[in-house]
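S.K.: Mind looking at a prediction? Sequence and model below.
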Amino acid sequence: MNWNAIRLFRLSNLFYRKNFKKIAAFISMFNRVITGVEISPQAQIGKNFFIAHGNGIVIGAGSKIGDNCIIYHQVTMGVGRDSRFNPNGAADDKFPEIGDGVVIYARAKIVGGITIGNNCEIGANAVVLTNIPDHAIAVGIPAKVVEIKAHYRDGRHYPCLKLRNFCHWNRASSW
């Protein structure tokens with residue numbers, strides 16, 4: 001079903017870009033009813049986007065998501081409480097921008113015109129209200145950076161949360 005949600009979003013986004021906004025809105029509403037995932041046709045989503053357990057995901061109109069991102073269930077991305085729309089209907093910069101390779105875990109809330117850097121991880125139930133730098137792990141309410149990830153091997157990035165000694169890549173293994 002999550003694959004269907006992404007395909008229906010891509011279709012509604014295509015109609016939106018071709019200025020068939022009512023058809024795009026209908027496809028988006030159909031997507032929400034069938035899959036439980038609400039993605040505005042105005043959102044910009046990069047390639048290799050993956051929704052894991054897609055029920056309850058909401059991605060607002062001006063949100064921008066980079067390539068190779070993973071989003072888990074109940075994630076909300078949208079405008080902050082103090083955000084307003086311009087009279088012409090276009091959103092000002094009050095929607096979040098997500099970098100490439102970001103993983104957003106279950107029930108995280110990303111609110112307002114913030115930027116999340118590349119290769120970040122946002123913990124479950126985190127409420128992100130400020131910018132997050134590249135290669136960071138952010139957890140909590142409000143979300144705080146607990147570590148900047150720096151473990152690379154063979155061009156791949158391996159996350160390590162030293163806060164709780166939960167780095168199984170540091171343990172003896174068969175590298």
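M.R.: Received the coordinates, thanks. Quick caveat, the model's predicted, so the values are computed rather than measured.
S.K.: quick one, phi/psi of I70?
M.R.: I70 adopts backbone torsions of phi -130, psi 130, taken as degrees, to the nearest 10.
S.K.: tell me which residues form a beta bridge with it?
M.R.: Assessed by DSSP bridges, I70 has beta-bridge partners F50, V103.
S.K.: and it, how many neighbours does it have?
M.R.: For I70, the neighbour count with other Cβ atoms under 10 Å is 15. Every residue, glycine included, has its C-beta placed from N, CA and C.
S.K.: residue contacts, it?
M.R.: Residues counted as contacts of I70 (Cβ atoms under 8 Å, 6 or more residues apart in numbering) are F50, I51, A52, V102, V103, I104.
S.K.: For those residues, which single residue is the most surrounded?
M.R.: Highest neighbour count within the contacts of I70: I104, with 28 neighbours (other Cβ under 10 Å).
S.K.: Please report how far that one lies from C120.
M.R.: 9 Å (Cβ to Cβ, to the nearest Å).
S.K.: Mean pLDDT per helix and strand in this structure: which one sits at the bottom?
M.R.: strand 152-153 (a mean of 48; mean pLDDT, DSSP states H and E).
S.K.: just the contacts of I70 now: which is nearest N19?
M.R.: Here the nearest of the contacts of I70 to N19, counting by Cβ to Cβ, is I51; it sits at 26.9 Å.
S.K.: got a pLDDT number for the closest one?
M.R.: If you check I51, the pLDDT there is 90.
S.K.: cool, R84 as well?
M.R.: 51.
S.K.: Look up phi and psi at Y16.
M.R.: Dihedral angles (degrees, to the nearest 10) for Y16: phi -60, psi -40.
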